[in-house]
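Asks: Sharing a model prediction with you, sequence too.
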Amino acid sequence: MKKNVLIVILSCNILILGCASKSIDIQPAYTSPNTYSSWECNQISNELLRVNDKVAEFTGQQDKLYKNDQSMGWLGSIILWPLLLFIKGDGPVAAELAKFKGQKDALEQISNQKNCGAN
């Protein structure tokens, strides 16, 4: 009985602490708008398009990781606890998403400062 309680407690901890985050919960990594201050509006606009594509790409990847971790966590806690070992949590995809979200924020900010209308 104590063993089952311990497994449930560990499973809940892994579900809460170890799972990948939803893409919407990943905060942007700070990127200084000054990085782009010498750029022309067309350069900013083109880079913003590229960065938006990257944000969308990594958002999809992160959400897939989140769903996989959730599935493994629930299956592991209910049926097969060894599945809990396959929960990955946040990693390089989350880091890249945060980076590109930060770049997007900086580009939008400098675009607004320069009145580029690239939003």
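Replies: Arrived safely.
Asks: Lowest average confidence across helices and strands of this protein, where is it?
Replies: helix 2-13 (a mean of 53; mean pLDDT, DSSP states H and E).
Asks: Tell me which helix or strand comes right after that helix.
Replies: In the C-terminal direction, the helix or strand that comes right after helix 2-13 (DSSP states H and E) is helix 41-78.
Asks: What is the neighbour count of D25?
Replies: When neighbours are counted by other Cβ atoms under 10 Å, D25 registers 11. From N, CA and C alone the C-beta is placed, and that goes for glycine too.
Asks: any weak-confidence spans in the chain?
Replies: Applying pLDDT under 70 to the chain flags residues 1-18, 20, 71-90, 118-119.
Asks: let's go with 50 and repeat that
Replies: Residue ranges of the chain with pLDDT under 50: 6, 13-17, 76, 81, 83-84, 87, 118-119.
Asks: how near is L48 to Q27?
Replies: 19 Å (Cβ to Cβ, to the nearest Å).
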